[in-house]
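> Sharing a model that was predicted from the sequence below.
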Amino acid sequence: PPEAAAVMQWSRNHRFIVSGNLHAGNLGVVYPYGNNERNESVATPTPDNAVFKKLARTYIASNRQMQENSPFPDGIQNAAAWFLAEGEMPDWHYAHLSSLGLTIELDSTKAPAEEELSSLWEANRDAMLQLFEAADTGLAGTVIDHSSHNSVDAHIEPESPAKPVYAQPDTGTYQRLLKA
């Protein structure tokens with residue numbers, strides 16, 4: 001769809017560190033991968049599985065409703081272990097941009113009524129702020145050309161099995177969340 005292509009291009013231009021897709025139909029936080037080569041509904045961890053779990057737990061820690069009512073263990077779940085989904089945005093963000101995206105299941109009702117939106121906001125506001133703050137941790141730097149001092153569109157390869165991180169094309173800045 002054109003809207004998905006537009007979000008993908010926008011994401012390529014902005015290289016997000018962390019993202020959260022808001023969804024309804026369940027209650028909890030889901031992290032990649034949402035599918036696998038075997039096409040089986042089993043946990044399919046990424047090389048950054050520990051980082052994804054840390055982010056998901058950060059969200060859950062500030063959301064009492066999810067802590068108490070999520071059907072997922074501790075309120076979090078690997079997406080493929082829940083159900084297989086082809087073309088999830090968090091999977092695409094991770095595979096192509098090394099961005100850490102979560103799917104945040106806001107409510108067990110698939111289409112909450114308009115009058116419920118303010119209470120959903122209140123239930124999730126602090127958790128969203130904690131997720132944003134978590135994006136400001138880890139390793140950060142700027143890649144510049146030694147001769148020209150111009151920013152460089154580069155990728156930085158960590159020593160761990162984690163995915164590389166990409167510098168912002170216009171500024172050369174990068175940030176990488178760490179699991180500890």
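Sure, I can see it.
> which stretches of the chain have low pLDDT?
The chain contains residues with pLDDT under 70 at 161, 179-180.
> which residues in it form helices?
2-14, 49-61, 64-69, 79-82, 89-97, 117-134 (DSSP state H).
> buried ones in the last one?
Right, the one you point to is helix 117-134. Neighbour-count burial for helix 117-134, with 16 or more other CB atoms under 10 Å as criterion, is recorded at 120, 123-124, 127-128, 130-131, 134. Heads up, the C-betas are built off the backbone N, CA and C, glycines and all.
> for stretch 18-37, same thing?
Across stretch 18-37, burial judged by 16+ other CB under 10 Å covers 18-20, 24, 26-35.
> In strands, which of the residues you listed fall?
Cross-referencing the buried residues of stretch 18-37 against strands under DSSP state E gives 18-20, 26-31.
> looking at this structure, which residue lies furthest from center?
No residue in the chain sits farther from the centre than Ser147, which is 35.7 Å out by CA atoms, centre = their mean.
> picking up where we left off before, now the buried residues of helix 117-134 as JSON lines including distance to Asp107?
Converted to JSON lines, the buried residues of helix 117-134 look like this (distance: CB to CB, whole Å):
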{"residue": "Leu120", "distance to Asp107": "6"}
{"residue": "Ala123", "distance to Asp107": "9"}
{"residue": "Asn124", "distance to Asp107": "10"}
{"residue": "Ala127", "distance to Asp107": "13"}
{"residue": "Met128", "distance to Asp107": "15"}
{"residue": "Gln130", "distance to Asp107": "19"}
{"residue": "Leu131", "distance to Asp107": "17"}
{"residue": "Ala134", "distance to Asp107": "23"}
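> Just name the closest of these to Gln168, please.
When the buried residues of helix 117-134 are ranked by distance to Gln168 (CB to CB), Ala134 comes first, at 18.9 Å.
> circling back to that earlier point, tabulate the helices of the chain (TSV), appending distance to Ala167.
What follows is the helices of the chain, written out as TSV (distance: least, CB to CB, whole Å):
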stretch	distance to Ala167
helix 2-14	12
helix 49-61	19
helix 64-69	34
helix 79-82	28
helix 89-97	12
helix 117-134	20
